[in-house]
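**Student:** my questions are about this predicted structure, shown below with the sequence.
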There are 2 protein chains.
Amino acid sequence: MKRYIFVRQLIRDRGVRLTAQRELVLRRALAHLHFTAEQLVEDVRRVDPSVARASVYRALALLHELGVVEKHDFHYGAPNYEVTEGKAHHDHLMCTQCGEIIEFQEPRVERLQAEIVKRYGYQLLSHTHKLYGLCPACQRTQKPHSAKPPALHVTEMVS
Amino acid sequence: MKRYIFVRQLIRDRGVRLTAQRELVLRRALAHLHFTAEQLVEDVRRVDPSVARASVYRALALLHELGVVEKHDFHYGAPNYEVTEGKAHHDHLMCTQCGEIIEFQEPRVERLQAEIVKRYGYQLLSHTHKLYGLCPACQRTQKPHSAKPPALHVTEMVS
DNA sequence: GAACTGTTTGAGACTGAGTCTCAATGTACG
DNA sequence: CGTACATTGAGACTCAGTCTCAAACAGTTC
């Protein structure tokens, strides 16, 4: 895949070694696109149990620095990592009951962000924008207070 | 203070007991407005060392349920709690270098959020919207890669 | 290909933030 | 007062992530 080759190059350009462990972590991350750090650890170790937890975390941090993955904290269970390299920028809408996540794009919000930041003289580096609510299905089957972390499952961007 | 009396009433209306511990946690939280959970633990225990860590966390969770405090994770150090009861809704702009936080309001973003949510048939419950960047001062004294969590200090909403 | 040098690794101890357990204590109310 | 339930303190525990450090690895120079 193109993306794999591209990221390998990014790693080399970074001036760090492209080791077998880093490659494996990269391959497993790209295979999932959405995962928690511990899921990735498990997945990598399923392929090669000799890879240490710390190495997966280190490689993940590297991918994060390179802008290949982003970290999302939805406040429901462990933070979620997402491979964003090569994807258009998007934000998230999450159902607090069933955990469904919808990725959406909204250029008008981005424009307002630029304006806000300018108002305070800031230079914008990044942002997070998350909407929480009830999906149509959960609105119908609504329980007054379920409150327990739902399993996350992501619906890829529709627009 | 009005706010204190109001929240006490909220707690009672909740059907739970208004114990000395809960009152103390409430008073210390209202005294700070912005704090991490561990700061609050320390502060409460400075007043009364017999209060357990767990009790502070339990009271904080209660205040959160009541909508009195909100939890913010800025990805720089520990999550930050904010007393939002009685305050107009606002979002945050943070300097990733010095940790300054500016609270801003932007009704036009809220309108767009309503629109987005409608598009997917969701019922909006809450949102987080955080902008990260460099404040004017840090743009001038910019280091290529400081990367270490700055101390947080909040500038109250200007608008 | 040996020696040197800096990088990366695995293993596991450690940390920080928060949660859980459970016996003891407190409190509302019949 | 007595019962029943809510709340608490103390500390063990969990979970996600970080740190340490000796060993292994990879370039580079000879």
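**Tutor:** The structure has been received and is ready for your questions. In this text the structure is predicted, and so the values were computed from the model without any measurement.
**Student:** the longest strand belonging to chain A near chain B at all?
**Tutor:** In chain A, with assignment by DSSP state E, the single longest strand is strand A:123-134. Yes - contact between strand A:123-134 and chain B, assessed by Cβ under 8 Å from any Cβ of the partner chain, occurs at A:123, A:124, A:125, A:126, A:127, A:128, A:129, A:130, A:131, A:132, A:133, A:134. Where you see a C-beta, it was placed from the backbone N, CA and C, and this is true even at glycine.
**Student:** for that strand, buried residues please.
**Tutor:** Residues of strand A:123-134 classed as buried by neighbour count (16 or more other Cβ atoms under 10 Å in any protein chain shown): A:124, A:127, A:128, A:129, A:130, A:131, A:132, A:133, A:134.
**Student:** mean confidence (pLDDT) on it, please.
**Tutor:** For strand A:123-134, mean pLDDT is 91.
**Student:** stretch A:19-29 too?
**Tutor:** For stretch A:19-29, mean pLDDT rounds to 95.
**Student:** let me see the contact set for residue A:63.
**Tutor:** A:7, A:25, A:26, A:29, A:69 (Cβ atoms under 8 Å, 6 or more residues apart in numbering or on different chains).
**Student:** take the residues you listed and write them to JSON lines, including neighbour count, secondary structure and distance to DNA strand C.
**Tutor:** Below are the contacts of residue A:63 laid out as JSON lines (neighbours: other Cβ atoms under 10 Å in any protein chain shown; DSSP: H, G, I helix; E, B strand; the rest coil; distance: Cβ to the nearest atom of the strand, whole Å):
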{"residue": "A:7", "neighbour count": "26", "secondary structure": "helix", "distance to DNA strand C": "15"}
{"residue": "A:25", "neighbour count": "25", "secondary structure": "helix", "distance to DNA strand C": "8"}
{"residue": "A:26", "neighbour count": "26", "secondary structure": "helix", "distance to DNA strand C": "11"}
{"residue": "A:29", "neighbour count": "25", "secondary structure": "helix", "distance to DNA strand C": "14"}
{"residue": "A:69", "neighbour count": "25", "secondary structure": "strand", "distance to DNA strand C": "16"}
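**Student:** let's have those residues in JSON lines, adding distance to DNA strand D.
**Tutor:** Converted to JSON lines, the contacts of residue A:63 look like this (distance: Cβ to the nearest atom of the strand, whole Å):
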{"residue": "A:7", "distance to DNA strand D": "17"}
{"residue": "A:25", "distance to DNA strand D": "13"}
{"residue": "A:26", "distance to DNA strand D": "16"}
{"residue": "A:29", "distance to DNA strand D": "13"}
{"residue": "A:69", "distance to DNA strand D": "12"}
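**Student:** domain map for chain A?
**Tutor:** A:2-83, A:91-155 (automatic domain parsing).
**Student:** among those domains, which is nearest residue B:79?
**Tutor:** Nearest to residue B:79, of all the domains of chain A, is domain A:2-83, at 8.8 Å by Cβ to Cβ.
**Student:** now find how far off-centre that closest one is within its chain.
**Tutor:** For domain A:2-83, the separation from the chain centroid amounts to 11 Å (computed by Cα atoms, centre = their mean, to the nearest Å).
**Student:** now do the end-to-end distance for it.
**Tutor:** Using Cα to Cα, to the nearest Å, one end of domain A:2-83 lies 14 Å from the other.
**Student:** stretch A:108-122: which residues count as buried?
**Tutor:** Applying 16+ other Cβ under 10 Å to stretch A:108-122 flags A:109, A:112, A:113, A:116, A:117, A:120, A:122 as buried.
**Student:** do you know how far the last one is from DNA strand D?
**Tutor:** Residue A:122 is 25 Å from DNA strand D, where distance means Cβ to the nearest atom of the strand, to the nearest Å.
**Student:** which helix or strand contains the spatially most central residue of chain A?
**Tutor:** When Cα atoms, centre = their mean is applied to chain A, the residue found nearest the centroid is residue A:82 (2.0 Å). Per DSSP states H and E, residue A:82 falls inside strand A:80-83.
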